[in-house]
Each structure stands twice: as C-alpha cells, then as structure tokens.
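Undergrad: Okay, here's the prediction I keep looking at, along with the sequence it came from:
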2 protein chains.
Amino acid sequence: MGGHGHALETLKETGHRLTPQRLLVLEAIAEGGGHMGAEEVLARVQKVYPYMDISTVYRVLGLLEDLGLVTHITTPEGTRYELVRGGERHHHMVCRACGRTWDMSTRFLADLGEAVWKEYRFRADMAHFTLQGICKDCLSADNNPMSGGETP
Amino acid sequence: MGGHGHALETLKETGHRLTPQRLLVLEAIAEGGGHMGAEEVLARVQKVYPYMDISTVYRVLGLLEDLGLVTHITTPEGTRYELVRGGERHHHMVCRACGRTWDMSTRFLADLGEAVWKEYRFRADMAHFTLQGICKDCLSADNNPMSGGETP
DNA sequence: GTTCCTCTTGCAACAGAGTGCAATTGCAAC
DNA sequence: GTTGCAATTGCACTCTGTTGCAAGAGGAAC
C-alpha cells in the first residue's frame, strides 16, 4: 500500500484508534506525494468513502501533525500538508508569482535560530517555517524589480 | 490628534479620498500603539462611528498597507496591524506561550535573505516576517523542554 | 459473541478574512 | 452653492478553518 511506513504503529502506540478515516487520510497524503491542501485530501478520500467530512480531515491532519507524522506549511494559496518521511527534514520557499514550493536546507534556519537565541534568548520554532518571495524562474521570466528592495 | 504624521498627505498625494472611515482607522491604530487585530480596530472606530463595517476596516488597512503607512504580521492569535513609523524598521518574534510580540533587528533576516539568494537564487520577501517560538520570560517561568528539539 | 465505555465522527453552526455589487459620497469643476 | 461622476462604503455572501454536540463505533474485558 501507500508509503506511510510506521504511521499505524505510532497511532496505536500513542493510544489512538485505528479508524478507516485515519487510514484513508494517511493513504491520501502518502499517495499525493507533494504538498496537498485539506480540500484535496478530502476529494481523494471521498473517491473511496463519500461520507468523509472536511472537519474530520482537519482533525485527523491535526492529530497526525501532533504525532509528528505530517507537517503543514502556509502558502499564499492556503495551508498545505505533507507526510514527514524519515530523516529528510527541510524547510520551504513559496514563490509569490507562480505559487510553486521549493525545498530549502535546514542549515540556513539553524543559523538564524542560533543568532536569535544568542541575541534575545528567544527560542525560535522553525517547524512550520516558510519563506515567501520570487523564485529564480519567475525572476528571469519577467525582470521583476520588486518594489521596496527588501534584499540588498 | 493621533500620531499618524504624514499619513493624510500621503493619501491625498496618491489620489485617494480623505473619508471619515479612513481617518478613524488611522486614528485607531495610531492611538492603539502596539499591534492590533482588525476586530479591535473596528471596536475602537465604532465607539465614534457605530456604522463602521468590518469589511471597510479590512479594505482601509489594505490600502494603508499598500501605501506603506501600515504593516501587518501573522501571529497564532491572528493577523495584527501596526503603524509604520519613520525609519524604525524591525521584524517580529511572537511567543507561543504568552502571545506577546517582540521586536527583532532586521540584521538577522538580511543575513538569511542573502544566504538563500546565493544558494538558490530565490529572492525572499521579508516584509511580513514573523518568527514563532518561546520568549525568555516563558522559558524561565516553566522550564519548557520544547519537544522536537528544533534549535541545536 | 456481547457488553460497555470512551474516543471519534458527521453535521451544523461559527469566526476571521475577503469580494461583488448597488447605493452613497468626496470633491473637482462649474 | 450645485452638479456630476468615479471612488468608496455597507451589505450580503463566499471561502477556509474550527468548534459544540449528539450519534456512532473501536476495541478491551468478559
């Protein structure tokens, strides 16, 4: 089946029930691969189980996220969910122009987190970090001058 | 009156009308000082002008933001607006525990933006950047171990 | 296989944010 | 002081995400 590895065990071990709705949500995001919206998860599940409700999708995604099986990022197009696959941690860059999501190494944020900790004793939580901006494709496509000049 | 300096001139210069609703929103955020939600702006305005509508608040805040007179940040408690006061640019750190907002020097993000540009040719937009985490007060209050260990 | 109890679900209702449109109004020209 | 008209407002509605609650179901104990 899907690619949701040890997810079922994690659910049982933490004392949660193995309901069809949870299995279906897990399968949907595993098959979907990339970053999916709640509405897309709902659509996929409803192909198999038409009674699925959007509120259940949100609750199941929330639970899976609490268990560390799923993460979400916030894009201008709304919240997107993705399966956490062992080890391959990364952050995201979302292009304001084309809407695509790019992966970013954790290295950059580790540096930022450390700097902020040293200066302010603020323990930054990078879990759902998303950088907004313009990707290289869109930059070269139209020579966008980006009013405001945020980057030196 | 309030502390909204050259805001009125900016509105006129850019060919926008000086409506009572706009003046009231401007006064509200100027008097409010810190970071206010749209609902709080509405409440303040309605003390003087009870017919004010929430959609107008959003549209006026959007306009003021386009003109660079106001910025918004996104916190776990929702979107917050603040008056842009000459020169003193900064970013924000929001504490997940107490909800307070702290200012952060632009320096840290400038470094991040440059690093990401060099590596990925992604032009990051830091305008509405907000770092989430736990502030030093809440860290010392209860010795929160922060499951997940995001900061090394 | 039944029973029981708590966890989950589906539904409906709600909150925050934003949009389309007809009615209203600021204000420039007279 | 009037007039005219585009910019703006208020209302109703949409869209995403969340919550309260009664009905339903997983699964441990028997």
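TA: Yep, it's here.

Undergrad: quick one: A:Arg44 from B:Tyr58, how far?
TA: 33 Å (C-beta to C-beta, to the nearest Å). No exception for glycine: its C-beta is placed from N, CA and C like everyone else's.

Undergrad: Tell me which of the two has more neighbours.
TA: A:Arg44 (19 against 15; other C-beta atoms under 10 Å in any protein chain shown).

Undergrad: wait, doesn't the more buried one sit right on A:Ala28?
TA: Yes - counting by C-beta atoms under 8 Å, A:Ala28 is a contact partner of A:Arg44 at 4.0 Å.

Undergrad: Show me the beta-bridge partners of the residue most central in space within chain A.
TA: In chain A, the residue lying closest to the centroid (C-alpha atoms, centre = their mean) is A:His72, at 3.0 Å. Applying DSSP bridges to A:His72 gives these bridge partners: A:Tyr81.

Undergrad: Next to DNA strand C in this structure, residues from chain A, please.
TA: A:15-17, A:19, A:21-22, A:49, A:51-53, A:55-56, A:59-60 (C-beta under 7 Å from any atom of the strand).

Undergrad: State the pair within those residues that is farthest apart.
TA: A:Gly15 and A:Tyr51 (25.5 Å; C-beta to C-beta).

Undergrad: what lines up beside the strand or helix carrying A:Leu131 in the sheet?
TA: Element membership for A:Leu131 (DSSP states H and E) is strand A:130-134. Using DSSP bridges, strand A:130-134 pairs in its sheet with strand A:91-95 (parallel), strand B:123-124 (antiparallel).

Undergrad: Flag every buried residue along the worst-scoring helix or strand of chain A on mean pLDDT.
TA: Lowest on mean pLDDT, DSSP states H and E among the helices and strands of chain A sits helix A:136-141, with a mean of 83. Within helix A:136-141, the residues scored as buried using 16 or more other C-beta atoms under 10 Å in any protein chain shown are A:Cys138, A:Leu139.

Undergrad: which intervals of chain A have sub-threshold pLDDT?
TA: Within chain A, the segments meeting pLDDT under 70 span A:1-5, A:86-88, A:128, A:142-152.

Undergrad: Show me how it divides into domains.
TA: A:1-88, A:89-144 (automatic domain parsing).

Undergrad: and the last one with DNA strand D, contact?
TA: To tie it back to what came earlier, the one meant is domain A:89-144. No - judged by C-beta under 7 Å from any atom of the strand, domain A:89-144 and DNA strand D are separated, with a smallest distance of 11.6 Å.

Undergrad: how far away is the residue nearest to A:Cys135 when sequence neighbours are not counted from DNA strand C?
TA: What sits nearest to A:Cys135 in space, not counting adjacent residues and going by C-beta to C-beta, 6 or more residues apart in numbering or on different chains, is A:Cys95, at 3.9 Å. Distance from A:Cys95 to DNA strand C, counting by C-beta to the nearest atom of the strand, to the nearest Å: 19 Å.

Undergrad: ok, how many other residues are close to A:Cys95?
TA: A:Cys95 has 21 nearby residues by other C-beta under 10 Å.

Undergrad: Pairing partners for it in the sheet, please.
TA: Bridge pairing for A:Cys95 - DSSP bridges - gives A:Gly133.

Undergrad: Looks like it contacts A:Leu139 (just checking).
TA: No - counting by C-beta under 8 Å, A:Cys95 does not reach A:Leu139; the two are 9.3 Å apart.

Undergrad: what sits in contact with each of those two?
TA: Contact criterion C-beta atoms under 8 Å, 6 or more residues apart in numbering or on different chains; residues shared by A:Cys95 and A:Leu139: none found.

Undergrad: Determine whether any part of stretch A:11-20 lies close to DNA strand D.
TA: Yes - Stretch A:11-20 is in contact with DNA strand D by C-beta under 7 Å from any atom of the strand, via A:Lys12, A:Arg17, A:Leu18, A:Thr19, A:Pro20.

Undergrad: Go through that stretch and list whatever outside residues touch any part of it.
TA: A:Leu8, A:Arg22, A:Tyr49, A:Leu63, A:Leu67.

Undergrad: in the residues you listed, which two residues are the furthest apart from each other?
TA: For these, and using C-beta to C-beta, no pair is farther apart than A:Tyr49 and A:Leu67, which are 21.6 Å apart.

Undergrad: From what I see, A:Thr10 and A:Leu69 are in contact.
TA: Yes - contact criterion C-beta under 8 Å: A:Thr10 and A:Leu69 qualify, at 6.2 Å.

Undergrad: between the two, who's got more neighbours?
TA: More neighbours surround A:Leu69 than the other of A:Thr10 and A:Leu69, with 21 against 15 (other C-beta under 10 Å).
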